[in-house]
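> generate coordinates for the sequence data below:
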Amino acid sequence: MRDLHLPGRSPARAMNAMAATSHPLATATALAILRDGGNAVDAAIAACAVQCVVEPQSTGIGGDCFAILCPGGDAARAVAYNGSGRAPMAATPDWYRAQGIDAIQRATPHAVTVPGAVEAWARLHTDHGRLDLARVLAAAVGYARDGYPIHDRVARDWADEVDFLGADPLASALYLPGGRAPRPGEVHRQPALAATLQRIGAEGPDAFYRGPVAEEMVAVLRERGGLHTLEDFAATRGDYVAPIGTDYLGYRVLELPPNGQGLAALQLLNVQSRRALPALDPLGAERLHLHLEATRLVYADRARYYADPEHAEVPVAALGSVTRAHQLRDLVSPTARLEPLPSPTLPEHRDTVYLCVVDDERNAVSFINSLYYSFGSGILAPQSGAVLHNRGCGFVLDPDHPNCIGPGKRPFHTIIPAMLCRDDRAVMPFGVMGGDYQASGHAYLLANLLDYGMDIQEAIDLPRVFALPEGPVQVEPGVPRSVARELETLGHTVVAPPRPLGGAQAIWIDWQTGVLSGGSEPRKDGCALGF
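Numbers count the residues shown, from 1 in each chain. All right, here's what the predicted structure looks like:
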């Protein structure tokens, strides 16, 4: 239990249903859907759609989506959905080389893969939802049409992108009213997005992937030199995939397989499980050093091997094996930073929303939706209100790399929902936003919870550290300065992160008492609530 004399929050507790999101309006929407007879899938989609309006820097209908669902809490029936979009069929490495393009830049149409989020919402809703899609999207339509107040973290992230948005007249007209980013408490509206969401609710995904909305998106992209076609949009379809997993302290951790980085979280847990973490101070230099070194080694694997398994051989079994965990563990020195490491070839990532919902039937949903960087590519289709993501930046143009761009290929993805299970039951849908940090954050959160016995909110609150294979160690201000100095003596270059590291949400299911306990990220604006 937390020290009640100190600032912080306690876990949310409820008996019937619960939602945890990074925005209060999204959490409230999920609860309203649950009270109205919807299930966890309905509530997750409704909350995410609201976040596409009220957190436009983090997510949108022009982004991608992944989910894990345990129907009735039955881990044996867990299903995962990969709603990541594909490159245009004309996107060949030879074409980019002929154009003199040696890297895919953010604010270009080449960074835009066909968005997969709307298709994922519709497929999950059709297969697992209960309410009409129009009802599910109604709150998002209302906020976009009538306005929504800007929350503090949203305002901060929005303000960071003023120069980026200001370089594009279409994006700046919508997102920089009066020539500046909205401030906390001000009201913003997106009427064109409201109309598009309403059309999707009435007509389903064809309202986005065919007809006027798709025509506008394709026209905007092609005007800027993109290779997209109406056929690319019309062919969009995500996939149900089998979750991959590993065992950790008597629990089973489920993630999605590549093209995402869920495998990296499992690799880290495999390395971590071979350490006596409870004997170490959870915020001590020794624990943080071991976590950082394991992260750097696993992320080097990630950069080398992770890709779309339909187009490249990804050695999932070998990377997730105990043998590989032992190899990586043995490389970690407790007394010094390991140098050199293989240099990653993939770019960094910034913004996403993650949410989870558990309903009264104990359907458990772990759900994540993203534009990649803040406001994605910054390319806006103004008549539909859709800003398009920049997931194509996850590709490389080296033809010998497994993640080289290709026709219909999915890029490497950072967004990863997760599910913790025990005795064939889901016990905690969870996720950690923050791009590259996410896999490291999954392992860190689970160690806080399971190795150190923290409650679900304490496990989320604990100050964080992060490092890519090469580069400095980002250390949040909550880490004691004495510990930061010890990390420096071990060879790490310590810097302050440009923004708080990650953003977690989680809901613990106590099957004996029936109590749901939710934790929500204090570094964001949101909350966990139930009834």
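> could you use CA atoms for every contact and neighbour count after this?
Fine.
> ranges for the strands of the stretch 401-531 of the chain?
For the stretch 401-531 of the chain, the strands defined by DSSP state E, counting those that start in this stretch occupy 418-422, 425-433, 465-466, 473-475, 494-495, 503-509, 516-520, 527-530.
> would you mind measuring from the residue nearest the centre of the chain to residue 67?
For the chain, the residue nearest the mean C-alpha position is residue 415 (3.5 Å; Cα atoms, centre = their mean). Residue 415 sits 10 Å away from residue 67, taking Cα to Cα, to the nearest Å as the criterion.
> list residues touching both of those two?
The overlap between the contact sets of residue 415 and residue 67 (Cα atoms under 8 Å, 6 or more residues apart in numbering) consists of residue 368.
> mind checking which of the strands of the stretch 401-531 of the chain is nearest residue 87?
Across the strands of the stretch 401-531 of the chain, the minimum distance to residue 87, taken as Cα to Cα, is reached by strand 425-433, at 23.9 Å.
> for the closest one, name the packing helices and strands.
On a contact count with 3 or more Cα pairs under 8 Å, 6 or more residues apart in numbering; DSSP states H and E, strand 425-433 meets strand 351-358, strand 364-372, strand 418-422, helix 437-446, strand 503-509.
> could I get these as TSV with mean neighbour count?
Shown next, in TSV, are these (neighbours: other Cα atoms under 10 Å):
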stretch	mean neighbour count
strand 351-358	32
strand 364-372	32
strand 418-422	24
helix 437-446	26
strand 503-509	29
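> save those as a markdown table, and put in mean pLDDT and distance to residue 400 too.
Shown next, in a markdown table, are the helices and strands packed on strand 425-433 (pLDDT from 0 to 100; distance: least, Cα to Cα, whole Å):
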| stretch | mean pLDDT | distance to residue 400 |
| --- | --- | --- |
| strand 351-358 | 89 | 29 |
| strand 364-372 | 96 | 25 |
| strand 418-422 | 98 | 31 |
| helix 437-446 | 97 | 25 |
| strand 503-509 | 97 | 35 |
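> pipe the ones you listed into TSV and attach distance to residue 99 per row.
Listed next are these as TSV, based on distance: least, Cα to Cα, whole Å:
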stretch	distance to residue 99
strand 351-358	30
strand 364-372	25
strand 418-422	40
helix 437-446	33
strand 503-509	39
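> ok, which of the ones you listed comes nearest residue 397?
Evaluated with Cα to Cα, the helices and strands packed on strand 425-433 place strand 364-372 nearest to residue 397, the distance being 18.8 Å.
> name the residues of the next helix or strand after the closest one that are buried.
Later in the chain than strand 364-372, the nearest helix or strand by DSSP states H and E is strand 379-381. Buried residues in strand 379-381, counting neighbours by 16 or more other Cα atoms under 10 Å, are found at 379, 380, 381.
> contacts only, for the second one.
Put plainly, it is residue 380. Residue 380 touches 170, 171, 220, 386, 387, 388, counting by Cα under 8 Å, 6+ apart.
> what do you get for the first one?
In this structure, residue 379 makes contact with 107, 108, 109, 168, 170, 171, 387, 388, 389, judged by Cα under 8 Å, 6+ apart.
> tell me the pLDDT at it?
You'll see residue 379 listed with a pLDDT of 98.
> for it, which residues make a bridge with it?
Under DSSP bridges, the beta-bridge partners of residue 379 are residue 388.
> how near is it to residue 181?
Noted for residue 379: a distance of 17 Å to residue 181, by Cα to Cα.
> among the helices and strands packed on strand 425-433, which is nearest residue 55?
Closest approach to residue 55 among the helices and strands packed on strand 425-433 is made by strand 351-358 (8.4 Å; Cα to Cα).
> since we're on the residue nearest to residue 418 when sequence neighbours are not counted, how many residues are nearby?
With sequence-adjacent residues excluded and distances taken as Cα to Cα, 6 or more residues apart in numbering, residue 418 is closest to residue 255, at 5.0 Å. Per other Cα atoms under 10 Å, the neighbour tally for residue 255 reads 26.
> thought residue 181 was touching residue 172?
No - applying Cα atoms under 8 Å as the test, residue 181 and residue 172 come out as separate, 9.2 Å apart.
> what about the residue nearest to residue 189 when sequence neighbours are not counted, how many neighbours?
Leaving aside its chain neighbours, residue 189 sits nearest to residue 147 (4.4 Å; criterion: Cα to Cα, 6+ apart). For residue 147, the neighbour count with other Cα under 10 Å is 17.
> dump the residue contacts of residue 147.
Contact analysis of residue 147 by Cα under 8 Å, 6+ apart lists 187, 188, 189, 190.
> output the lengthiest helix in the chain in PDB with nothing but the alpha carbons.
Using DSSP state H to assign secondary structure, the helix with the most residues in the chain is helix 285-305. Extracted C-alpha coordinates of helix 285-305, given in PDB (Å, rounded to 0.1, in the frame of the first residue of the first chain):
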ATOM      1  CA  ALA A 285      21.600   1.300  -9.500                       C
ATOM      2  CA  GLU A 286      22.200  -2.400  -9.600                       C
ATOM      3  CA  ARG A 287      18.600  -3.300 -10.600                       C
ATOM      4  CA  LEU A 288      18.400  -0.400 -13.100                       C
ATOM      5  CA  HIS A 289      21.800  -1.200 -14.600                       C
ATOM      6  CA  LEU A 290      20.800  -4.900 -15.200                       C
ATOM      7  CA  HIS A 291      17.500  -3.800 -16.700                       C
ATOM      8  CA  LEU A 292      19.100  -1.300 -19.000                       C
ATOM      9  CA  GLU A 293      21.800  -3.700 -20.200                       C
ATOM     10  CA  ALA A 294      19.200  -6.400 -20.900                       C
ATOM     11  CA  THR A 295      17.100  -3.900 -22.800                       C
ATOM     12  CA  ARG A 296      20.100  -2.800 -24.900                       C
ATOM     13  CA  LEU A 297      20.900  -6.400 -25.800                       C
ATOM     14  CA  VAL A 298      17.300  -7.400 -26.600                       C
ATOM     15  CA  TYR A 299      16.800  -4.300 -28.700                       C
ATOM     16  CA  ALA A 300      19.800  -5.100 -30.800                       C
ATOM     17  CA  ASP A 301      18.100  -8.400 -31.600                       C
ATOM     18  CA  ARG A 302      14.900  -6.400 -32.300                       C
ATOM     19  CA  ALA A 303      16.700  -4.200 -34.800                       C
ATOM     20  CA  ARG A 304      18.300  -7.100 -36.600                       C
ATOM     21  CA  TYR A 305      15.500  -9.600 -36.900                       C
END
